[in-house]
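Fold the following, please.
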Amino acid sequence: MKETLLKEKDICDYLKISRTTLWRLKKKGLPSIQVGNSYRYDKNNVINWIASETSEDYIIERKGNISTLDLPDEKIYNNYQINLEYLIQSNISYLRRILNEDDIEKLQKILSKHDDSSFDNQEVVKIFSKEYLAIIKKNYQREARTLFYDSDLNKYVNQQDNKVKIIWGDCLQFLRKMDSESIHLMVTSPPYYNARAYSQWENLNEYLDSMKEIIQESYRVLDNHRIWVFNVGDIFDNDNLTTKSVWGKKRIPLGAYFIKIFEDVGFEFVDDIIWDKGEVESKRHMNNGINYPFYQYPLNCYEHIMIFHKHRLDKTRIPCPVCGSLKVNGNTQSEIGIQSWECKNHKCFVRSPHNRGKRFSLRTNLMQYYHNNDKKNLIEKEIINKWRRDISKFPPVIKITHDKKNRLGHSAPFPAYIPEMAVKYFTFIGEKVLDPFAGSFTTPIVARKLDRIGIGVEINKELFRGAIIKKINDELRFFDNVPYREYEI
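Down below sits the predicted model:
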């Protein structure tokens, strides 16, 4: 008899449960023997008691392999099979608080089209969560639509046809016509202040105000908990605020100004990756060889690749990614704007050693489950090694040939390294990538090559259409005979 008597720690280790769970089982009648101020447990009696309990009452968490107990699987409380109908019925009281009856009926109809007889629990939960969240998003988008909303434009953008989507027109007008939270990633290099004949402003404030208006609208259109990758360089020019004379030229820190703009409209500044453009060819810093103090100064040879996150606080209840239950508590915010949840379903398949439920958020679900273990979503080691530091060295695009002709047909081409990193790091296969200042359309082309939907907006159709179409055809003809579609706002 004494050989089978175990202390509390030993019985917990044997059953692979926490002391909290042991205490709860004792309240339900788990046999124990009091010895002084503590308890001992007869292993055989404990096993027999567990085996006699119904699966509905048995609340032990399954942590690891407990086959040594010789218990049938159906006696383990969190080892049971679920289906989509079960998730609808078990969540119906919560669904009625969140959705109207038409939406619930729509959800049931959509889920009924899935044959879940061969699905494991994780796949069932994934389908339920995806369809539930799709309805939540549609409702939010309908409520957040602007007066400029254009259904035809949104249908065009959302077409799953693997073609680069060209939008001719003003990017601010485009963004105003788009559904809220409908783009998964934005990548661009904006027009620099008065750097080109086709992009001129009266003064720096006018330029920054126009950029802020666009970035403000982009916050609405970018999906929640998603990324803006913004490449810009500081410039040397006249801000035209004090004087328009040549002596008014000075260093203008566009990177710093843009960080403030992004933060003002709601984005979180996350990182400033320095793009080292290599050796400079200019000799203007040498001042004709006058090597005395104040004559010499390093030339600018870098640009900013800034990373911004969008985190709109959304307290709409979301299902546990493990068991699919909407019986969850709003825990706290794991970051500013990221609502954290804790599963309170005692039937959940995962519980902590202290009997706490799964903790999760929309963002952790995005990171942990959206890749679907699809190897196409894997990031190659070469890419990771290239971007392992927040200073990355690669040359700018060489556009002028030896005979002084522009081989690309655009005066401000964009290096493919930047969108390649952004697309691989911050999207999954099939998602939408937008460049609102598409220029030579490098970002949409890279996105298409990586099996995403590439979308670009360009205002100067007359100037650049020929060069853009030629570049898309040259780089994507292998994928499609006509690898693009056009839409004019």
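
Could you pull out the strands in the stretch 201-350 of the chain for me?
With strands called from DSSP state E, counting those that start in this stretch, the stretch 201-350 of the chain shows them at 222-232, 235-238, 249-252, 268-276, 302-309, 328-335, 338-343.

Can you tell me which of those strands is nearest to Val350?
Of all the strands of the stretch 201-350 of the chain, the one in closest proximity to Val350, counting by C-beta to C-beta, is strand 338-343 (8.1 Å). Any C-beta I mention is one placed from the backbone N, CA and C, and that applies to glycine too.

Please name the nearest non-neighbouring residue to Leu366.
Excluding its sequence neighbours, the residue lying closest to Leu366 (C-beta to C-beta, 6 or more residues apart in numbering) is His225, at 6.0 Å.

which residues does the one you found contact?
By C-beta atoms under 8 Å, 6 or more residues apart in numbering, the contact set of His225 is 309-311, 338, 362-363, 366.

right, and the strands of the stretch 201-350 of the chain - which one's nearest Gln160?
Taking those one by one with C-beta to C-beta, strand 222-232 is closest: 16.7 Å.

Partner strands of the closest one and their direction?
strand 183-188 (parallel), strand 302-309 (antiparallel) (DSSP bridges).

can you give me the angle that strand makes with strand 268-276?
In terms of direction (axes from the mean of the first three to the mean of the last three C-alpha atoms, to 10 degrees), strand 222-232 departs from strand 268-276 by 30 degrees.

Tell me which of the strands of the stretch 201-350 of the chain lies nearest to Ile379.
Nearest to Ile379 among the strands of the stretch 201-350 of the chain is strand 222-232 (14.3 Å), distances taken as C-beta to C-beta.

Quick one: the helices in the stretch 301-450 of the chain, in order.
Along the stretch 301-450 of the chain, counting by DSSP state H, counting those that start in this stretch, helices occupy 362-369, 381-386, 417-426, 442-449.

Would you convert those helices into CSV that also reports mean pLDDT, distance to Arg176 and mean neighbour count?
Formatted as CSV, these follow (pLDDT from 0 to 100; distance: least, C-beta to C-beta, whole Å; neighbours: other C-beta atoms under 10 Å):
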stretch, mean pLDDT, distance to Arg176, mean neighbour count
helix 362-369, 94, 26, 16
helix 381-386, 95, 35, 11
helix 417-426, 98, 24, 22
helix 442-449, 97, 20, 27
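
could you dump these to a markdown table with distance to Leu153?
Below are these laid out as a markdown table (distance: least, C-beta to C-beta, whole Å):
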| stretch | distance to Leu153 |
| --- | --- |
| helix 362-369 | 26 |
| helix 381-386 | 33 |
| helix 417-426 | 23 |
| helix 442-449 | 16 |
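
closest to Val457 out of these?
Nearest of the helices of the stretch 301-450 of the chain (C-beta to C-beta): helix 442-449, 9.7 Å.

What helices and strands are in contact with that closest one?
strand 164-168, helix 417-426, strand 432-435, strand 453-458, helix 461-476 (3 or more C-beta pairs under 8 Å, 6 or more residues apart in numbering; DSSP states H and E).

could you dump these to TSV with distance to Asn372?
TSV is the format used below for the helices and strands packed on helix 442-449 (distance: least, C-beta to C-beta, whole Å):
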stretch	distance to Asn372
strand 164-168	24
helix 417-426	16
strand 432-435	17
strand 453-458	17
helix 461-476	26
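
circling back: for Gly266, which of the helices of the stretch 301-450 of the chain is the nearest?
Nearest of these to Gly266, taken as C-beta to C-beta: helix 362-369 at 15.8 Å.

Can you check what angle separates that closest one from strand 183-188?
Using the same axes, to 10 degrees: helix 362-369 against strand 183-188 is 90 degrees.

Tell me which residues are up against helix 362-369.
For helix 362-369, the surrounding residues in contact (C-beta under 8 Å, 6+ apart) are 126, 129, 224-225, 311, 314, 318, 321, 334-335, 338-339.

got the angle for that helix vs strand 328-335?
Using the same axes, to 10 degrees: helix 362-369 against strand 328-335 is 90 degrees.

can you give me the end-to-end distance of stretch 437-450?
20 Å (C-alpha to C-alpha, to the nearest Å).

How far away from the center of its chain is it?
19 Å (C-alpha atoms, centre = their mean, to the nearest Å).

cool, and stretch 96-115?
Distance of stretch 96-115 from the chain centroid (C-alpha atoms, centre = their mean) equals 26 Å.

And the contacts of stretch 454-473?
157, 164-171, 174, 183, 198, 408-410, 432-441, 443-448, 483-484, 488.

after the helix or strand containing Glu85, next one along is what?
Using DSSP states H and E, the element containing Glu85 is helix 84-90. Where DSSP H and E defines the elements, the next helix or strand beyond helix 84-90 is helix 92-98.

Please identify the buried residues of stretch 213-227?
Residues of stretch 213-227 classed as buried: 214-227 (neighbour count, 16 or more other C-beta atoms under 10 Å).

How far does it stretch from one end to the other?
OK, stretch 213-227 end separation, C-alpha to C-alpha: 18 Å.

What mean pLDDT does that stretch get?
Average pLDDT, stretch 213-227: 98.

got it, and stretch 265-272?
When pLDDT is averaged over stretch 265-272, the result is 98.

Now tell me what touches it from outside.
By C-beta under 8 Å, 6+ apart, the residues outside stretch 265-272 that reach it are 212, 215-216, 219, 228, 255, 259, 262-263, 304-312, 335-337, 390.

go again using 6 Å as the cut-off
215-216, 219, 259, 263, 304, 306-310 (C-beta atoms under 6 Å, 6 or more residues apart in numbering).

same deal with stretch 379-397?
273-274, 276-278, 413, 415, 417, 421, 424.

circling back: highest mean neighbour count out of the strands paired with strand 222-232?
Of all the strands paired with strand 222-232, strand 183-188 carries the top mean neighbour count, a mean of 26, counting by mean count of other C-beta atoms under 10 Å.

Make sure Trp49 is indeed in a strand.
No: counting by DSSP: H, G, I helix; E, B strand; the rest coil, Trp49 falls outside a strand, being helix.

For it, give its distance to Leu25.
Separation of Trp49 from Leu25 (C-beta to C-beta, to the nearest Å): 9 Å.

And the two? Which one has more around it.
Leu25 (22 against 17; other C-beta atoms under 10 Å).
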